[in-house]
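>>> coords please:
(2 chains)
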Amino acid sequence: MARQKEYTKDELSALTNTELREICKQRKIPGMSKKRKDIIIDAILLAQGGSPASQSTTTITKTTKDVDPNEPLTAATFTLNSILTKPNAKEGDKTTTTIRVSSGAATGEFPVTGKNVSQVKSFLKEVLNISKMASPIVNGNQVDDNYVIKEGDEVEFLKPAGQKG
Amino acid sequence: MEVKNIKIIGLGGIGSILTDKICRFMTFGKFANNDWKITLIDGDSYEQKNRERQDFLYLKNKASSKADELNDKFGENTIFHEIHEYINEDNIGRYIVDGDLVFICVDNHHSRRLISKYAEKTLDNIIIISGGNDYTDGNVQIYIRQNGKDITPSLTSYHPEIESPDDKHPDDMSCDELADSAPQLYFANLTAATIMCWVFYVIISGDFNYIAKSEIYFDIKLMSVISKLRAVY
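This is a model prediction of the structure:
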């Protein structure tokens, strides 16, 4: 497989927004369709492993292409599964790392973009008290266990209804 | 939305609390009028052992006890009916009819399933607000059917434990089984009843945009209440 071209900041600045967005699309950099030119350039530079034009340091990030949905979710990988979406933001805010996951009234924001729901269920079963038989729901719709979580999704593991009254 | 016939099925921990609040609101509140009636339905009798969480004045059939109490408080403006039976397959057609707003406050999934399936298969227009709790948590479900079409999912759609209940209908339970119910927390009953009041207010106010989130969970220990999106299939 051919190695992807590494652009310099000057080369990217010479391209149009449409061309920059096409590069983002090819490199699976999410969330760039409506961003300003300087933000898109930063995102491409960061995805190449370089420094953004507007920052002197970088944050460890992944793009969705780096995330294997079937890879077991461990505490170590949990913290690394961040998705670069806001490269021009201040340090620490560059990534959209969290998805709202809930079961019943237990809820939290977790960095599980790119993972499948069965992995997430297994990893969070004690944190959210998810029952073994709980079926997954994403954005109000029932999904199967192989569903891969996307940025902006809201994930729920169904808690049984209260029985007494 | 205009509500004329309210049915409250089950007058245990949730129902005995809820009834008073709904009657007060409908009798004296913003939506008060003289053109509605409320029917209280329960085959059980109030016993003193339940006094820590059930709100009754008299030791007799719960529907009768609550109707007497409500008549004293609100009887000048409101008509109360009392049914001293559990809802079952034989009588459900008499007591739940098209256009009703039904509160389900029962303590078993068997009855929830019976009422939901009956509404789904037989009625064109109905609103069901169903509450249930375990010891410190619980949920409220909203099932709305308008002109023969489900606006929100039925009670069984997302809940296999209601679709295939492992409990019994109260008519099929022995006296020992009826007496030997799991312990409940008054505040869990109270929370379920309160959320059912919220839902009732949203519905009669006509704020149907919020109803897409047709299930609400609460957990007292987590101090959390969350409403959930539910798609209709």
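>>> tally of neighbours for residue 124?
You didn't pick a chain, so chain A it is. A total of 22 residues lie near residue A:124 under the criterion other CB atoms under 10 Å in any protein chain shown. Any C-beta I mention is one placed from the backbone N, CA and C, and that applies to glycine too.
>>> my bad, the chain I had in mind was chain B
Number of residues near residue B:124 (other CB under 10 Å) recorded here: 12.
>>> can you give me the helices for chain A?
A:9-13, A:17-26, A:37-47, A:75-80, A:117-124 (DSSP state H).
>>> Looking at the ones you listed, spot the one closest to chain B.
Chain B lies closest to helix A:117-124 among these, at 14.6 Å (CB to the nearest CB).
>>> List the buried residues of the closest one.
For helix A:117-124, burial by neighbour count (16 or more other CB atoms under 10 Å in any protein chain shown) applies to A:117, A:118, A:119, A:120, A:121, A:123, A:124.
>>> and residue B:103, what element?
If you go by DSSP states H and E, residue B:103 is part of strand B:101-104.
>>> quick one: contacts of that strand?
Outside strand B:101-104, the residues that touch it by CB atoms under 8 Å, 6 or more residues apart in numbering or on different chains are B:3, B:5-10, B:15, B:18, B:22, B:96, B:111-112, B:115, B:119, B:126-131, B:155, B:196, B:200, B:203.
>>> Just the ones of those in helices?
With helices defined by DSSP H, the entries of the contacts of strand B:101-104 inside them are B:15, B:18, B:22, B:111, B:112, B:115, B:119, B:196, B:200, B:203.
>>> that older thread, which of the residues in the strand holding residue B:103 are buried?
For strand B:101-104, burial by neighbour count (16+ other CB under 10 Å) applies to B:101, B:102, B:103, B:104.
>>> Tell me who's in contact with the nearest residue to residue B:17 once chain neighbours are set aside.
Leaving aside its chain neighbours, residue B:17 sits nearest to residue B:193 (4.2 Å; criterion: CB to CB, 6 or more residues apart in numbering or on different chains). By CB under 8 Å, 6+ apart, the contact set of residue B:193 is B:14, B:15, B:17, B:18, B:21, B:105, B:131.
>>> Most neighbours of all these, which one?
Of the contacts of residue B:193, residue B:14 is surrounded by the most neighbours, 36 neighbours in total, counting by other CB under 10 Å.
>>> can you pull the buried residues of the longest strand along chain B?
Counting by DSSP state E, the longest strand found in chain B is strand B:137-146. Across strand B:137-146, burial judged by 16+ other CB under 10 Å covers B:137, B:138, B:139, B:140, B:141, B:142, B:143, B:144, B:145.
>>> per-residue confidence at the last one?
In other words, residue B:145. Listed pLDDT for residue B:145 reads 95.
>>> Counting neighbours, what do you get for residue B:34?
Using other CB under 10 Å, residue B:34 is surrounded by 10 other residues.
>>> swap that for residue A:11, sorry
If you count neighbours by other CB under 10 Å, residue A:11 ends up with 12.
>>> State the pLDDT value of it.
Residue A:11 is assigned 91 on the pLDDT scale.
>>> ok, now the one 5 residues further on?
According to the predicted model, the pLDDT of residue A:16 comes to 92.
>>> Next, find the distance separating it from residue B:176.
Distance, residue A:16 to residue B:176, by CB to CB, to the nearest Å: 79 Å.
>>> next one: residue A:18
As for residue A:18, its distance to residue B:176 is 76 Å (criterion: CB to CB).
>>> For residue B:186, give me its contacts.
Going by CB under 8 Å, 6+ apart, residue B:186 touches B:13, B:52, B:53.
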